[in-house]
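Here is the input, now give the coordinates:
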Amino acid sequence: MAKRPWSELTRPQQTAIVVVGIVEVALTTVAMIDLVRRPSTLVRGPKLAWALGCVVQPVGPIAYLALGRKGV
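Numbers count the residues shown, from 1 in each chain. Got it, this is the predicted structure:
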């Protein structure tokens, strides 16, 4: 599958890429803010590991928000 330049994508394709990018940034931001503010006793596993995992898009932030927090 050959890469196509941005200018060759249709308007809906460009819009979808921008929306997905915004959602990924928002999820990562929410996850990182929660991780920083949450005490270590309320996080499953080491906070550093979760912080590193949050940069794995889009699985990391979703995994942290779904599995990494205790008492939610």
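
Run through who's touching stretch 25-41.
43, 47, 50-51, 54-55, 57-58, 60-62, 64-65, 68-70 (CB atoms under 8 Å, 6 or more residues apart in numbering). Every residue, glycine included, has its C-beta placed from N, CA and C.

ok, now stretch 43-51?
32, 35, 40, 64, 67-70.

What's the end-to-end length of it?
11 Å (CA to CA, to the nearest Å).

mind listing what's buried in it?
By neighbour count on 16 or more other CB atoms under 10 Å, the buried set for stretch 43-51 is 43, 50.

tell me the mean pLDDT over that stretch?
Mean pLDDT, computed over stretch 43-51, is 96.

Low-confidence ranges, this protein, go.
Along the chain, the parts satisfying pLDDT under 70 run over 72.

I'd like the next helix or strand past whichever helix in the chain runs longest.
The longest helix of the chain (DSSP state H) is helix 11-37. Using DSSP states H and E, the helix or strand that follows helix 11-37 in sequence is helix 47-53.

Run the chain-centre distance for that next one.
12 Å (CA atoms, centre = their mean, to the nearest Å).

before we move on, what about stretch 54-65?
4 Å.

buried ones in that stretch?
54, 60-62, 64-65.

got a list of contacts for stretch 54-68?
So stretch 54-68 is contacted by 23-24, 27-28, 30-32, 34-35, 43-45, 50, 53 (CB under 8 Å, 6+ apart).
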